[in-house]
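S.K.: coords please:
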Amino acid sequence: MIMKVFSVLVLLAGTFLFTTACNSGDSGSSSDKDTTLVEIDVQVSDETAAQVDSFLQTYYAVKDKLVDDDSAAAKRLSEDLLAALNNISLETISDSLQRNTVSQEVLNLKNLIPQLNKDTSIAAVRATFENISYGTYSLIKSAGLKNIKVYRTYCPMADAYWLSASDQIMNPYYGHSMINCGMVKETLEF
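M.R.: Prediction:
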C-alpha cells in the first residue's frame, strides 16, 4: 500500500514538473521572456558579415526542419550548412586574435556538421544540432554580423539552447510535442 501511494505521488510530482517547466499552454508569445540584451560590437567587414549571415540563415533552416520533426530534411540541409560554413573567408578578418578565434569556431563546426548526415534517429540529429547551436553561437559572437538581432533561446526540458531570428518560441528539441517549450535568454544585437 505504501509503495502504491509513493508511486502515485512520484507520478503526480513528475507530471507537475513536466507541465510547468515549459509552459506548454503558452502560445509562444514573447511575453514570457527572461531576456538579457547583449550588444555585440565586433569589427566585421560587410563581406564577412554577409558570409556569416548566410551560414546563420542555413542554420535557421535546419532548426525549422527539426521544429517540424523532419529529421530527414534537416539531414539533407547539412550539406548546405557545411557549404555556407566553408564560404566564410578568414582573409577578410584583419585582427589576428579574432581571426584565430573564428578559425577555431569554423573548425569545430566543420567537425560537427557532417555528423548530422550520419545520425540515424531524430533524437541523435537533435543532439548533434545542440552542439552545432553552441558552435554557431560562438561563431557569430566572434565573427560578427551587421544590423541583425539573434535570439538565444533555452529549453529547460532539453537543457539546451538554440538560436532564432524571432523571439517566438518554436522548439527544435521537442518539435510539435512541446513546440512552445522554452524562453529567450539573450537577445544579441549586432
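S.K.: C-alpha only now, for contacts and for neighbours.
M.R.: Noted.
S.K.: which parts of this protein are strands?
M.R.: 36-39, 149-155, 160-164, 183-189 (DSSP state E).
S.K.: dihedrals phi and psi, Gln43?
M.R.: The phi/psi pair for Gln43 (degrees, to the nearest 10) reads phi -70, psi 120.
S.K.: still on that earlier bit, so which of the strands of the chain is nearest Val62?
M.R.: Proximity to Val62 (Cα to Cα) singles out strand 160-164 among the strands of the chain, at 11.0 Å.
S.K.: coming back round to it: right, so of the strands of the chain, which gets closest to Thr128?
M.R.: Taking the strands of the chain one by one with Cα to Cα, strand 160-164 is closest: 11.3 Å.
S.K.: ok, back up a step: out of the strands of the chain, which gets nearest to Leu109?
M.R.: strand 160-164 (14.7 Å).
S.K.: what sits against the residue nearest the centre of the chain?
M.R.: In the chain, the residue lying closest to the centroid (Cα atoms, centre = their mean) is Trp162, at 2.0 Å. When contacts are counted by Cα atoms under 8 Å, 6 or more residues apart in numbering, Trp162 is found next to 130, 133-134, 152-154, 172.
S.K.: try Ile40
M.R.: For Ile40, counting by Cα under 8 Å, 6+ apart, the contacting residues are 141, 144, 188-190.
S.K.: so how far is Asp41 from the nearest residue to Tyr154 once chain neighbours are set aside?
M.R.: Of all residues not flanking Tyr154 in the chain, Tyr161 sits nearest, at 4.4 Å (Cα to Cα, 6 or more residues apart in numbering). Taking Cα to Cα, to the nearest Å as the measure, Tyr161 falls 22 Å from Asp41.
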